[in-house]
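**Student:** Have a look; sequence and predicted model below, questions after that.
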Amino acid sequence: MSFLKSFPPPGPSEGLLRQQPDTEAVLNGKGLGTGTLYIAESRLSWLDGSGLGFSLEYPTISLHALSRDRSDCLGEHLYVMVNGKFEEESKESVADEEEEDSDDDVEAITEFRFVPSDKSALEAMFTAMCECQALHPDPEDEDSDDYDEEEYDVEVDTTPTVAGQFEDADVDH
C-alpha cells in the first residue's frame, strides 16, 4: 500500500504519551500486521517491525472509540475513523467513484482498528487519544454551525395569553 512509509517514530519532543508494542493495525478490515502504536501530542503513528508505517494528524481523525464487542473477530480494540482515503486504488475504480459521488459532497472515510496483544492497555490508549485529540480541536466546529438557521427556525407565538383562555373553547373530544 502506497501510504506505508519509513519514518522515525514520535519521541518525547513530540509529546509521546503512550507507546504500545505488539499492536495489530487493521485498515478497513484488512490486516496490516503487528507493530507499535505511538500516541503523541503531535500525531498518531503505527510502525511495523521493518520500520514501515503511517502517521495520522489529529485534525483528520473524526472519531475514536473503544470497541468492547467480543463477538467481533478482532475482539476489543481502539477504533479510529479518519477523514480521507488511505487505500491504493486502480485508476478505474477512482474514476467510477468520482462519477458516483459527483453530486454528493460526502467525504471519504477510512477505518483503522488497533488491537493490542495486552487488552489491559486499551483504557490507557483511549485516555491518551482523548488527551491528544483535545489539543487539536476542529476549527470548523468553532467557526461554523452545521445547521442552517432558517431550516431549523420554529415560529413561536409570543402573544401574551390570559390564564384560562382555552377553558371555555369548543374542543372535540
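**Tutor:** That came through fine. Numbering: from 1, shown residues only.

**Student:** Please count neighbours and contacts with C-alpha atoms only from this point.
**Tutor:** Fine.

**Student:** Residues touching stretch 123-140, excluding its own?
**Tutor:** 17-18, 20, 39-42, 58-59, 64-66, 78 (CA atoms under 8 Å, 6 or more residues apart in numbering).

**Student:** Show me what counts as buried in it.
**Tutor:** Residues 125, 126, 128, 129, 132, 133, 136 are the ones in stretch 123-140 that count as buried (16 or more other CA atoms under 10 Å).

**Student:** Of these, which belong to helices?
**Tutor:** 125, 126, 128, 129, 132, 133 (DSSP state H).

**Student:** quick one on the thing from earlier: can I get the buried residues of stretch 123-140 in a markdown table with distance to residue 4 and pLDDT?
**Tutor:** Below are the buried residues of stretch 123-140 laid out as a markdown table (distance: CA to CA, whole Å; pLDDT from 0 to 100):
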| residue | distance to residue 4 | pLDDT |
| --- | --- | --- |
| 125 | 22 | 97 |
| 126 | 24 | 96 |
| 128 | 23 | 96 |
| 129 | 21 | 96 |
| 132 | 23 | 94 |
| 133 | 23 | 92 |
| 136 | 24 | 89 |
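
**Student:** Closest one of those residues to residue 71?
**Tutor:** Nearest to residue 71, judged by CA to CA, of the buried residues of stretch 123-140 is residue 126 at 20.3 Å.

**Student:** All the strands of this structure, in order from the start?
**Tutor:** 5-6, 16-27, 30-40, 44-48, 52-56, 61-67, 77-83, 109-116 (DSSP state E).

**Student:** So in that sheet, which strands flank the second one, and in what orientation?
**Tutor:** The pairing partners recorded for strand 16-27 under DSSP bridges are strand 30-40 (antiparallel), strand 109-116 (antiparallel).

**Student:** Would you mind getting the angle between the last one and strand 44-48?
**Tutor:** Orientation note: strand 109-116 sits at an angle of 60 degrees relative to strand 44-48 (axes from the mean of the first three to the mean of the last three CA atoms, to 10 degrees).

**Student:** And for strand 109-116, what's in contact with it?
**Tutor:** 20-28, 37, 74-86, 122.

**Student:** if we go to 6 Å?
**Tutor:** Residues outside strand 109-116 that contact it (CA atoms under 6 Å, 6 or more residues apart in numbering): 22-28, 77-85.
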